[in-house]
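> here is a sequence with its predicted model. Questions after.
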Amino acid sequence: MSTDASETRRIASVTIAIVALTWLVAVGAIWRSYSNSVETWTSTAGLAAEMAAAYSGKSIAAADLVLKSMLDWISEEDIRTSDQFRQVFSQRHYFDKLRERIANIEQIDVATFIATDGQIIIFSRSFPQPGINLADRDYFKEQIRPTPPPTSLGNVVQNRGTGRWTFYKARQARSRDGNILGVVIVGIEAEYFAEFFRRIVPSADSSITFWRTDGTVLASSSNKGGVLGRRFPNAVSSSLFREHPQGASKWLTTPRLINDSNEHERILTMRPIANEPAYVTISIGAETIFAAWRTDRNVTLALALGLTGIILWASRQSLHYQTANKRRRALEFERQILQAVVDMPLALTAILASDGRILRSSLSFDAAFRTFVQSGSLRLADVAGGESIAQFIREPRDQLQTDINVPTPTGERRVYHVAIVKKEIPGLGPCMVVVASDETEHRAAQVALAQSAKMVTLGEMATGMAHELNQPINIIHMAVQNALGELEFLDSDLPPAAPTPEIISLITEKLTIILSQTTRAASLISHMRVFGRAPNEASSPFDARSACEGALNLVGQQIRTRGIALNVEVDDRPTMVMGHQTLLEQVLVNLLINARDALAASGYAEKRIDVACHATNASIILEVSDNGPGIPDSIRDRVFDPFFTTKETGSGTGLGLSISFGIIKDMGGTLSLARSIAGARFLIELPPIFSY
Ligand code: ADP
């Protein structure tokens, strides 16, 4: 894995970790705030319930004190019978006393003495009392029993006259000797409690309720749905009281007693009222509990989201920076490599701007091309081969390889092989990278090698040549002998006479033969001289057919004399190419000699070499093929390698094809070994000077 990938992974993991941490903290904070809200509101509910219970307890205790005062009066009067009880307390005096006793005790609505049959003896509301019987009331029934509880708390009822809700606290009235005299009661106003409850209730969705332990609602901060006086034996608060008589809190999601909303979630806290069969509950809705938490949660979520955004942005920036940095490093690296290459002291390298200005160059480049630099730019247009460079700079091509032949200040000429690539270089824009190599010595060696190879060919041809020259010489010899013979036949003693027409005709015939044979020998010798000479002059146009003719002149005869049929087919149109004719001849002579040797070694009866030269639209094609053994696939790729030969030591140099290949390449063409059914077939393709 590359460093960059691991760096990217590192940034990604850190980002994920920070984002995860952010959300962990956010969720933690939200959860904490949630449990804080629940905790705070649970304790608030506890406090409110505590207050409500204390207040209710005190209020009822105050009412109980009134009851105790009423019982004290019975003792003071030493009442012994119920009749006495009825008589004494029906007096106006006690009406006043009652009113006085309950005055300033707000919660008490009424105080009443009740006879054993339930009839009101006296009550604080009016005098004389109305004829009301309370025998059916729960508190009365409870207290009139022989063994009643110390006090009874009656159900809340709505006063028919005032419409106010009142519940009663009752005690039994007994004589000192234990006779049941009746019951004393005080009416306590439910609204008194409700009003206090409303004052301390923390919100609109909260309520405080005052319950009798049997599940009857005696007072409530809201009397929604008319719960007052109704008994709910299965209310949650009842079971809470049963299970935790000391008080408890519970989180509820069950529907409320009076279900007027869909919001069921709430805290229900219960506290018992001291010394009374009653308790209070406070219920606080989730709306209230979580109001602050919701704000906290939204702020926290917004913060976490914002932070996540910032973290992601920062990591993206960091990735961008990393990528940019990587790119910058890569470019710098590339620049350094390029610089190192250009600055190599031995290399002929330079970087040129697109207009040819030299931006950077090696010392050897400067030394080699110093004379061609004008106002900072390289000017090679006037140098042999330089025009192609000038053209390349103008054209949209990407690369060029060419040779240039430049004069040096000392007068000698040097050949440079120049490779130019157009390339975008960081910081420099579109440039050209130039790499040149001094090929002078290499080329000279190549020429020398070709020359020596040619000399070897000439040597090889020498035997054939001797034979070829021998023929005209023999013919001349015989012609001269014939002529001399004829002359001897004439009588030398005879006076000179004008030669006879026969003699003249014979001498003319012989001399014509001699002339033609000497011309042939001279042409052969002169051709060999031309062939043997290294070409010094510049390339020039010539007809490829002449090269064929020249080559066949040199080796045609000796091929034929070895019993090889030589079939020549040349175009009747000129096949003009550029180069040195003798060099193309050298190539053809090489191919012909190779074919000759292959056929000689083969021992075939029908030996044949075909030579062809013709022009196509695109090229001039020369072909030399034979019906010899051909070239096996195993060595096809190697025949053009220098020094590759299958001939015996001494007879082959292995240079013929390699040098021929170089000559054709220099002429801008190709020499290849073509596929053929039998024997070997060599193909030369040359660029034509003009096309048909
Ligand atoms: P040389 O002739 O000195 O061996 P060349 O470079 O001219 O060197 O040829 C290389 C080899 O190519 C030859 O040794 C021969 O094996 C093979 N070759 C060339 N021409 C022919 C041909 N016409 N037929 C068969 N083999 C050939």
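Alright, I've got the coordinates.

> could I get the one helix or strand Ser658 maps to in PDB with only the CA atoms?
Take DSSP states H and E as the rule and Ser658 turns out to sit in helix 656-666. Taking only C-alpha atoms (Å, rounded to 0.1, in the frame of the first residue of the first chain), the coordinates of helix 656-666 have been written out as PDB:
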ATOM      1  CA  GLY A 656      26.500  -8.100 -45.900                       C
ATOM      2  CA  LEU A 657      22.900  -7.900 -44.700                       C
ATOM      3  CA  SER A 658      23.500  -5.700 -41.700                       C
ATOM      4  CA  ILE A 659      25.400  -3.100 -43.800                       C
ATOM      5  CA  SER A 660      22.800  -3.300 -46.600                       C
ATOM      6  CA  PHE A 661      20.100  -2.700 -44.000                       C
ATOM      7  CA  GLY A 662      21.900   0.400 -42.800                       C
ATOM      8  CA  ILE A 663      22.400   1.700 -46.400                       C
ATOM      9  CA  ILE A 664      18.700   1.300 -47.200                       C
ATOM     10  CA  LYS A 665      17.700   2.900 -43.900                       C
ATOM     11  CA  ASP A 666      19.900   5.900 -44.600                       C
END
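
> quick check, that helix touching the ligand?
Yes. Counting by Cβ under 6 Å from any ligand atom, the ligand is contacted by helix 656-666 at Gly656, Leu657, Ser658. For every residue, glycine as well, the C-beta is placed using N, CA and C.

> most surrounded residue in the residues you listed?
Most neighbours among the residues of helix 656-666 next to the ligand, by other Cβ atoms under 10 Å: Gly656, with 26 neighbours.

> longest single strand anywhere in this protein?
Secondary structure of the chain per DSSP state E: the longest strand is strand 413-425.

> quick one: average pLDDT of it?
Here strand 413-425 scores 88 as its mean pLDDT.

> does Asn179 touch Asp83 like I think?
No. Here Asn179 lies out of contact with Asp83, judged by Cβ atoms under 8 Å, at a distance of 10.6 Å.

> which one of the two has more residues nearby?
More crowded of Asn179 and Asp83, by other Cβ under 10 Å: Asn179, with 15 against 12.

> pretty sure Leu591 contacts Glu623?
No. Look at Leu591 against Glu623 with Cβ under 8 Å: they stay out of range, at 9.1 Å.

> for this structure, which residue gets nearest to the ligand?
Relative to the ligand, the nearest point of the chain is Gly656 (2.6 Å; Cβ to the nearest ligand atom).

> who has more neighbours out of Leu591 and Glu623?
Taking other Cβ under 10 Å, Leu591 and Glu623 do not tie; Leu591 has more neighbours (25 against 18).

> measure that one to Ala350 for me?
Leu591 is 42 Å from Ala350, where distance means Cβ to Cβ, to the nearest Å.

> share the number of residues neighbouring Phe333, please.
11.

> do the same with Gly411
6.

> Ser152 too?
23.

> pLDDT score for the nearest residue to Ala235 once chain neighbours are set aside?
Closest residue in space to Ala235, ignoring its immediate chain neighbours: Gly215 at 5.5 Å, by Cβ to Cβ, 6 or more residues apart in numbering. Looking at Gly215, its pLDDT is 93.

> hang on, isn't Gly215 packed against Val236?
No. Using Cβ under 8 Å, Gly215 is not in contact with Val236; the gap is 10.3 Å.

> average model confidence for stretch 281-299?
Average pLDDT, stretch 281-299: 92.

> returning to that earlier point: elements contacting whichever helix or strand comes after the longest strand of the chain?
Following strand 413-425 in sequence order, the next helix or strand is strand 429-438 (DSSP H and E). The contact analysis (3 or more Cβ pairs under 8 Å, 6 or more residues apart in numbering; DSSP states H and E) places strand 429-438 against strand 348-353, helix 363-369, strand 413-425.

> tell me which residues in stretch 263-273 are buried?
For stretch 263-273, burial by neighbour count (16 or more other Cβ atoms under 10 Å) applies to Arg266, Ile267, Leu268, Thr269, Met270, Arg271, Pro272, Ile273.

> oh, I was asking about stretch 88-96
Going by neighbour count (16+ other Cβ under 10 Å), the buried part of stretch 88-96 is Val88, Phe89, Ser90, Tyr94, Phe95.
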